[in-house]
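Student: following is a predicted model, sequence given first.
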Amino acid sequence: MTPTPDRQIYLSRNFFNPTTQPLFIDFRVDNPGQVKIAVFNIVGEEVAKLVDQNYGVGNYQISWDGKNRSGDIVGNSAYFVLIQAPDGHMVRQVIVLK
């Protein structure tokens, strides 16, 4: 487990270069249950599914390496990280710059 700010989801930064290091996503689960985290492009298409499993109460960290479902690094653009948890959902924008 990792320390997490007092919010449901926290991005290590709101822009990143996937060729140099991943984007770290800290999230907090207040009620145990199914958690889904996915990345979407600007037109709403799912680019990558990062998490789809049950979590207990606690703080967690995952990372996105900037790759899509096919394993290719995504292009420069704005993307949206969506977390869906038992407590609700939240969206954060991230910009990929290579």
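Tutor: Looks like it came in fine.

Student: where's the spatially most central residue of the chain, which helix or strand?
Tutor: Most central residue of the chain, judged by C-alpha distance to the mean C-alpha position with CA atoms, centre = their mean, is Val81 at 4.6 Å. Here Val81 is covered by strand 77-85, with elements defined by DSSP states H and E.

Student: can you list the strands that that strand pairs with?
Tutor: strand 33-40 (antiparallel), strand 88-96 (antiparallel) (DSSP bridges).

Student: looking at those, spot the one closest to Gln21.
Tutor: Closest to Gln21 of the strands paired with strand 77-85, according to CB to CB: strand 88-96, at 12.3 Å. Just so you know, the C-beta spots here come from the backbone N, C-alpha and C atoms, and that holds for glycine as well.

Student: from Gly75, how far off is Ile42?
Tutor: Between Ile42 and Gly75 the computed distance is 11 Å (CB to CB, to the nearest Å).

Student: ok so, going back, isn't the residue nearest to the centre of the chain up against Glu46?
Tutor: No - using CB atoms under 8 Å as the test, Val81 is too far from Glu46 to be in contact (11.4 Å).

Student: shared neighbours, those two?
Tutor: Where contact means CB atoms under 8 Å, 6 or more residues apart in numbering, the residues bridging Val81 and Glu46 through contact with each are 38-39.
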